[in-house]
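Enquirer: the following comprises the amino acid sequence and a computationally predicted model.
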Amino acid sequence: MSGKRAGGTSDAGGRDVCPAGSRYGYGVASIPLGCGGAHRGHGGDLPGDSVSGGRATGGRGTVTVRTTTWAGEDDRLDHLQGSVDAALCGEGHR
């Protein structure tokens, strides 16, 4: 996540779909965790389906959360990311 940006590229589209405080580049998002650190991965959406997850820093593990609803509207993305956060920050992962 500390590499240099290739000339002539733009990640503006990624900023529209990542939670506040996140970083996105080369298809990998770094999303802060409520317990400190971050998880890095690549989520995705299709009509009727959303996936989020990745590998957490600090040895907290890896998680994938899939929903059977599109998380791109209302507060559904917050709920999806909250599930990832709960799995990686829950008891035994602090």
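Expert: That came through, no problem. Residues are numbered from 1 along each chain as shown.

Enquirer: please make it C-alpha for all contacts and neighbour counts, starting now.
Expert: Fine.

Enquirer: what segments of the chain are strands?
Expert: 23-25, 28-32, 38-41, 44-46, 49-56, 62-67 (DSSP state E).

Enquirer: I'd like the ones you listed written out as TSV, with mean pLDDT, mean neighbour count and distance to Ala87 added.
Expert: What follows is the strands of the chain, written out as TSV (pLDDT from 0 to 100; neighbours: other C-alpha atoms under 10 Å; distance: least, C-alpha to C-alpha, whole Å):
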stretch	mean pLDDT	mean neighbour count	distance to Ala87
strand 23-25	68	18	20
strand 28-32	87	21	13
strand 38-41	90	22	11
strand 44-46	84	14	18
strand 49-56	89	20	10
strand 62-67	91	16	7
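
Enquirer: save those strands as JSON lines, and put in distance to His79 too.
Expert: Rendered in JSON lines, the data for the strands of the chain read as follows (distance: least, C-alpha to C-alpha, whole Å):
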{"stretch": "strand 23-25", "distance to His79": "19"}
{"stretch": "strand 28-32", "distance to His79": "14"}
{"stretch": "strand 38-41", "distance to His79": "16"}
{"stretch": "strand 44-46", "distance to His79": "14"}
{"stretch": "strand 49-56", "distance to His79": "11"}
{"stretch": "strand 62-67", "distance to His79": "10"}
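
Enquirer: tell me how far the closest residue to Pro32 other than its chain neighbours lies from Val63.
Expert: Counting by C-alpha to C-alpha, 6 or more residues apart in numbering, the nearest residue to Pro32 once its immediate chain neighbours are dropped is Ala38, at 4.1 Å. Using C-alpha to C-alpha, to the nearest Å, Ala38 is found at 12 Å from Val63.
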